[in-house]
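In: Take this sequence and fold it.
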Amino acid sequence: MVTQPQSQTRLAFGPFEVNVAAEELLKGGARIRLPGQPFQILLLLLAHPGDVVTREQLRDQIWSEGTFVDFEHGLNAAMNKLRRILGDSADNPRYIETIAGRGYRFIGTVEHRSFTPPLISTPSQPRDETPAARRRFYLAAGAWTWAAIATCFGIWGATRLLKKPPASLAPVLQFVISPPPGTFFSPPISRQSFAISPDGKRLAFTASGLDGSKVWIRDLAAGSSRPVAGTDGAWTVFWSPDSRSIFYSAKQTIKQANLETGFSRSFATLPMMTVSGTWRSNDDLLLYLGPAASYEISTKTGGTQKLLGSGMRWAQFLPGTDRFLHVVYDSAIGHYRAYASNFVSHESVPLMETDSRVQYAPPRQPSEPGYLLFIRGGSLLAQPFDATHLRLMGEPIALAQNVIYYRPTASACFSVSTNGILVYQSGFPLSELRWYDRAGHVVRTTNTAPFSGTVRISPDGHHVAADVWSSDSGVRNIWVFDENGRESRRLTYPPAAYRRPVWSPDGRRIAFGFSHSATPLLASMNTDDSGKIQQFLNDDAVKQMPVNQIQIPTDWSRDGRYIAYDTSLGEEEREVWLLDVTSNKIVPLLQNGSSQWGAAFSPDGRQIAFVSDESGRPEIYVQTFELSPTPHLIGDRKQLSRNGAWLVRWRPDGHELFFVGIDSSLYAAPVGRSSAIGEPKTLFQIPGNPQYGTPTDLQFDVEPGGQSFVITTAASVSSPDFTVIQNWQDKFHH
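Out: I've put the predicted structure just below:
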């Protein structure tokens, strides 16, 4: 006997929805093409989440008698395609788990939204289990499914006959651009790191190498990339309206480089790093520095004016007007809302929800619509848009999947020209945690995952906390792995972002930077899966913080009283502050005009190791630490590294201090009696490209005995290429 499922219309999981009647898979509201066998497999798995759907069931219902198909090959190929569409992995599944020798099981959370699932055997009482009876059941269920498919294909065919394609279509060309040799791309956590020129001829991007970050130019016609002289330390890049000059920020200075004449200049210094720029006119530039600050700058006079109370993020002026697009975070819905606002009258028109900034692509022909491009659930969408009347037209169309974005800042890895050139980056790179011995040999690894930052070993040495990128939600979350690297569990969940975990001395709590859309603040939670997040500072204390200070923890003192944290990231001026866990008060520790970061307490609490660029490049220093009357450093600081270094850890028993050089070598310095530190020696070279200065950097930690180290393989993993599509609007019609 078969239990009839309740009448529903849709099933939802993660950012996806399935409309069975229309044979559609949607992500973030946009349709994704998933026809035939992969779609049928998904329906069967969603019908009974948590249950094993056997290979025999899949064969009987989808590969029925009379089909001359290699079943094993066909099923494996269909499953691989389904997983690619869902962004899933057989080794580290989020949705579909492989049950060895039996079949598959859907392990995600399924929400019912008026949908009638296909039938798989769900007996309400004992039934005939003979092979013949089982065969009759699956054939009946299969007949229902194939009838639905036949109906869908009939509608699809009629629709294709009624729709007449345009008389002529421009060729759609797609290709990739890899990082220049010896460099890598860094995902833009809070900046605009690449931009296609308005005329669509050249791509400007920042790339990092041994000599730091520079702006590079890729001529799409010539097919070659070249660095732009004098752009050392470039952070954000955008174009002039005439496509002749690039503008970029280096630390707090805005600079211009004319690519036609070679002329360059610096014309504005601002209190913070610039995130993006947009042009109101040929000479009037609007710079976005973060949620609390935007500046209007005249490129003729260099005059600057801060815009107060705007609340706008990622502004872009519509061509030839005072109206501009921007996004505002709405805490009530946990998403951003896109608006079109008037710069003079301050009137605003709400447009739609989004997970990222929005960019306008004007129509190429008067008969075509313009488009708004944005991210929702990891999908890059194009929304037809009437810029004259500020009106959305029709439904958004999916352009690409798994496009990299960072939801707390609304940044996203795409750029579009005015004439049909689209550039984006997709697929946050997968990496591993690797344990090395002191000779540099790999002794064990984890399964692959999109590791994106800090790795820290628990005080007992049995677990590792790491932040892992979530491609669907565009945030980092904290995961905990066992010492063998095979068992893992997620500690935090979207929509908030969590980064840079550090363990409490007793191993019962983990502190991290915590954010929904604004400045990351210190918070912690128990490691026993209780799920309750404790924010250390109340609202009044947050208001008393220095403007634009962030809180990214680097260490927790052995007595449990203090958490050291960095106040900024990237190439901004950084300071080290302390949070007193007993009083929930913050105090400065290192602030002298130089950038200083990465503080680590010695196990006996008498010294602090940290990084400072006071010599002109980052080096490791050690200084005596005292608590009374307030926490402070005394005496001379000892410089430990000599050729540049940027990550430092103490051996838990206090006998050694380890650091990573700019050359990616791991060094060890002995610590003797009276805390005397000896000369460092090289242990081994960490494989891959040096990662100093990248937002998603290589990290390491040392196990309690000091005989092995856990290190991310981010330096060994290729960064995502740029995908370029010419005439992307015509892709809809091909």
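
In: Any figure for the gap between residue 504 and residue 348?
Out: From residue 504 across to residue 348, the span is 45 Å (Cβ to Cβ, to the nearest Å). Glycine gets a C-beta too; all of them are placed from N, C-alpha and C.

In: more neighbours, these two?
Out: In this view residue 504 and residue 348 are compared by other Cβ atoms under 10 Å, and residue 504 has more residues nearby, 19 against 16.

In: which stretches of the stretch 251-400 of the chain aren't confidently modelled?
Out: Where the stretch 251-400 of the chain drops to pLDDT under 70, the residues are 292, 308-311.

In: now residue 460, nearest residue through space, not along the chain?
Out: Closest residue to residue 460 apart from its sequence neighbours, by Cβ to Cβ, 6 or more residues apart in numbering: residue 507 at 5.7 Å.

In: Then residue 347?
Out: Nearest to residue 347 is residue 341, by Cβ to Cβ, 6+ apart, at 6.8 Å.

In: helix/strand/coil for that neighbour?
Out: The local conformation at residue 341, judged by DSSP: H, G, I helix; E, B strand; the rest coil, is strand.

In: Let me see the contact set for it.
Out: Shown in contact with residue 341 (Cβ atoms under 8 Å, 6 or more residues apart in numbering): 312, 323-324, 326, 347-349.

In: Please enumerate the strands of the stretch 551-700 of the chain.
Out: For the stretch 551-700 of the chain, the strands defined by DSSP state E, counting those that start in this stretch occupy 552-556, 562-566, 576-580, 585-590, 596-601, 607-612, 619-626, 632-639, 645-650, 656-661, 665-670, 681-685, 700-702.

In: how far off strand 596-601 does the first one point, in degrees?
Out: Just to be clear, that refers to strand 552-556. Strand 552-556 and strand 596-601 are oriented at 20 degrees to each other (axes from the mean of the first three to the mean of the last three Cα atoms, to 10 degrees).

In: Please pull out the lowest mean pLDDT helix or strand from the chain.
Out: Lowest mean confidence among the helices and strands of the chain (mean pLDDT, DSSP states H and E): helix 131-162, at a mean of 38.

In: which element follows that one toward the C-terminus?
Out: Helices and strands here follow DSSP states H and E; after helix 131-162, the next one along the chain is strand 173-177.

In: what is the rounded mean pLDDT of that next one?
Out: Averaging pLDDT along strand 173-177 yields 92.

In: Likewise for stretch 510-518?
Out: Over the span of stretch 510-518, the pLDDT mean works out to 86.

In: List of residues touching it?
Out: Residues outside stretch 510-518 that contact it (Cβ under 8 Å, 6+ apart) are 291, 329, 331, 334, 336, 407-410, 465, 467, 478, 491-492, 495-504, 520-525, 527, 533, 535, 550-553, 556, 563, 565.

In: Tell me the buried residues within these.
Out: Buried by 16 or more other Cβ atoms under 10 Å: 291, 329, 336, 407-410, 465, 467, 478, 491-492, 496-504, 520-525, 527, 550-553, 556, 563, 565, out of the contacts of stretch 510-518.

In: Could you list which of the residues you listed belong to strands?
Out: Those of the buried ones among the contacts of stretch 510-518 mapping onto strands are 329, 336, 465, 467, 478, 497-503, 521-525, 552-553, 556, 563, 565, per DSSP state E.

In: give me the element residue 38 is part of.
Out: Taking DSSP H and E as the definition, residue 38 sits inside helix 36-47.

In: how about that helix: buried residues?
Out: Buried residues in helix 36-47, counted by 16+ other Cβ under 10 Å: 37-47.

In: CA atoms only for stretch 86-100, dumped as CSV, please.
Out: Written as CSV, here are the backbone C-alpha positions of stretch 86-100 (Å, rounded to 0.1, in the frame of the first residue of the first chain):
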residue,chain,number,x,y,z
LEU,A,86,23.9,22.7,-6.8
GLY,A,87,27.5,23.6,-6.0
ASP,A,88,27.7,20.3,-4.0
SER,A,89,30.6,17.9,-3.5
ALA,A,90,30.6,14.1,-3.0
ASP,A,91,33.5,14.4,-0.5
ASN,A,92,32.0,17.2,1.5
PRO,A,93,28.2,17.1,0.7
ARG,A,94,25.8,19.8,1.7
TYR,A,95,22.7,18.4,0.0
ILE,A,96,23.3,14.9,-1.5
GLU,A,97,25.2,12.2,0.4
THR,A,98,26.5,9.1,-1.3
ILE,A,99,25.6,5.9,0.6
ALA,A,100,28.3,3.5,-0.6
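
In: Buried residues, that stretch. List them.
Out: With the criterion 16+ other Cβ under 10 Å, stretch 86-100 contains buried residues 86-89, 93-97.

In: Show me the two of those residues that sit farthest apart.
Out: 87 and 97 (15.1 Å; Cβ to Cβ).

In: Pretty sure the residue nearest to residue 460 sits against residue 459.
Out: Yes. In this structure residue 507 lies within contact range of residue 459 using Cβ atoms under 8 Å: 4.6 Å.

In: What ranges in the stretch 1-150 of the chain fall below the confidence cut-off?
Out: In the stretch 1-150 of the chain, residues with pLDDT under 70: 1-9, 35, 64-73, 91, 100-101, 113-150.

In: and the strands of the stretch 551-700 of the chain as a markdown table, adding mean pLDDT and distance to residue 80?
Out: What follows is the strands of the stretch 551-700 of the chain, written out as a markdown table (pLDDT from 0 to 100; distance: least, Cβ to Cβ, whole Å):
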| stretch | mean pLDDT | distance to residue 80 |
| --- | --- | --- |
| strand 552-556 | 95 | 38 |
| strand 562-566 | 95 | 42 |
| strand 576-580 | 95 | 47 |
| strand 585-590 | 92 | 50 |
| strand 596-601 | 94 | 42 |
| strand 607-612 | 95 | 44 |
| strand 619-626 | 95 | 46 |
| strand 632-639 | 92 | 53 |
| strand 645-650 | 93 | 38 |
| strand 656-661 | 95 | 38 |
| strand 665-670 | 96 | 38 |
| strand 681-685 | 96 | 36 |
| strand 700-702 | 94 | 34 |
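
In: Give me the neighbour count for residue 318.
Out: 17.

In: correct me, but residue 90 touches residue 83?
Out: Yes. If you go by Cβ under 8 Å, residue 90 and residue 83 touch, sitting 6.7 Å apart.

In: Give the residues shared as contacts by the two.
Out: Each of residue 96 lies in contact with both residue 90 and residue 83 under the rule Cβ under 8 Å, 6+ apart.

In: how close does the residue lying closest to residue 331 once chain neighbours are set aside get to residue 542?
Out: Excluding its sequence neighbours, the residue lying closest to residue 331 (Cβ to Cβ, 6+ apart) is residue 516, at 6.9 Å. Distance of residue 516 to residue 542, computed by Cβ to Cβ: 13 Å.

In: Equivalent analysis for residue 241, please.
Out: Look at residue 241 and residue 542: by Cβ to Cβ, they are 39 Å apart.

In: Regarding stretch 285-298, how distant is the last residue from the first?
Out: End-to-end distance for stretch 285-298, by Cα to Cα, to the nearest Å: 6 Å.

In: neighbouring contacts of it?
Out: Residues outside stretch 285-298 that contact it (Cβ under 8 Å, 6+ apart) are 190, 247, 254, 267-268, 270-280, 283-284, 299, 303-307, 310-315, 317, 324, 329, 517-519, 547-548.

In: again, but for stretch 527-539
Out: Residues from elsewhere that reach stretch 527-539 (Cβ under 8 Å, 6+ apart): 463, 480, 489, 491-492, 507-510, 514, 521-526, 545, 563, 579, 581, 584, 586.

In: could you pull out the helices for this protein?
Out: 36-47, 55-62, 71-86, 131-162, 539-543 (DSSP state H).

In: How about the contacts made by residue 394?
Out: Residue 394 makes contact with residue 384 under the criterion Cβ under 8 Å, 6+ apart.

In: gap between the residue nearest to residue 347 and residue 330?
Out: Distance from residue 341 to residue 330, counting by Cβ to Cβ: 15 Å.

In: Same question for residue 524.
Out: For residue 524, the distance to residue 330 equals 27 Å [Cβ to Cβ].
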